[in-house]
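Trainee: Have a look at this prediction, sequence included:
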Amino acid sequence: VAERAAKLATEHDLVLVEGAGGLLVRFDAAGGTLADAAALLAAPVLVVASAGLGTLNVTELTARELRGRGLDLAGVVIGSWPAEPDLASRCNLLDLPDVTGAPLLGAVPAGAGTLEPAGFRASAPHWLAPRLEGTWDAETFRVREAP
C-alpha cells in the first residue's frame, strides 16, 4: 500500500489512502495496517468518524493510537451526517475536537456516496474545510446543527 501510494504521489498533487474498517485492521499476510502505511509514508491521517452514539469512544481511541505511534492526526471528518441528526450526533459536533485534540474538518451528508461522480466532485468542497480545499466552516455548521 505504501509503495503504491508513494508512486501515485509522484504523479498527483494529492493521494488519499482509505483504510476501510479502521486504523488497525490488518490488510496483508504480514499483519500490516493503515497505521503502518501512514508511518512508512510519513503522511498525516484524516480520521473519518460516524456521527452518532459511540463515535466519541472509537474516535478518541483512534486519535490516541495515532499519537502513540507518532503519527500526525490532521483532523476529523464526519463521514455520514444525517439529514435529521439525533441528540448524540449534534452533541458530538462539540465533543469530537475535544476528545481527539484535532479539528473538525468536514461533514459529508448521508447518501453522498450514491451521487454520480461529477455531482460528488462538484458538491464535495461544500462538505470540507478550507484546509482540505473546501469551503465548509466548522463554526457555522456547529451553530446550525449543535444543541
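Mentor: Right, received. Where do you want to start?
Trainee: So which residues of this protein form helices?
Mentor: Counting by DSSP state H, the segments of the chain that form helices are 2-9, 34-41, 55-68, 87-100, 117-123, 138-145.
Trainee: okay, these in CSV with mean pLDDT and mean neighbour count next?
Mentor: Every C-beta, even on glycine, is put in place using the N, C-alpha and C of the backbone. Shown next, in CSV, are the helices of the chain (pLDDT from 0 to 100; neighbours: other C-beta atoms under 10 Å):
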stretch, mean pLDDT, mean neighbour count
helix 2-9, 90, 13
helix 34-41, 90, 19
helix 55-68, 97, 17
helix 87-100, 96, 18
helix 117-123, 96, 11
helix 138-145, 94, 13
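Trainee: Format the ones you listed as TSV; extra columns: distance to P130.
Mentor: TSV is the format used below for those (distance: least, C-beta to C-beta, whole Å):
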stretch	distance to P130
helix 2-9	22
helix 34-41	23
helix 55-68	22
helix 87-100	16
helix 117-123	16
helix 138-145	10
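Trainee: Relative to A129, which of those is closest?
Mentor: Shortest distance between A129 and the helices of the chain, using C-beta to C-beta, is found for helix 138-145: 6.3 Å.
Trainee: what sits up against that closest one?
Mentor: With contact meaning C-beta atoms under 8 Å, 6 or more residues apart in numbering, helix 138-145 is reached by 81, 85, 90, 93-94, 103-105, 107, 129.
Trainee: and which of those residues is nearest to A29?
Mentor: L105 (33.6 Å).
Trainee: how many neighbours does the closest one have?
Mentor: L105 is flanked by 22 other residues according to other C-beta atoms under 10 Å.
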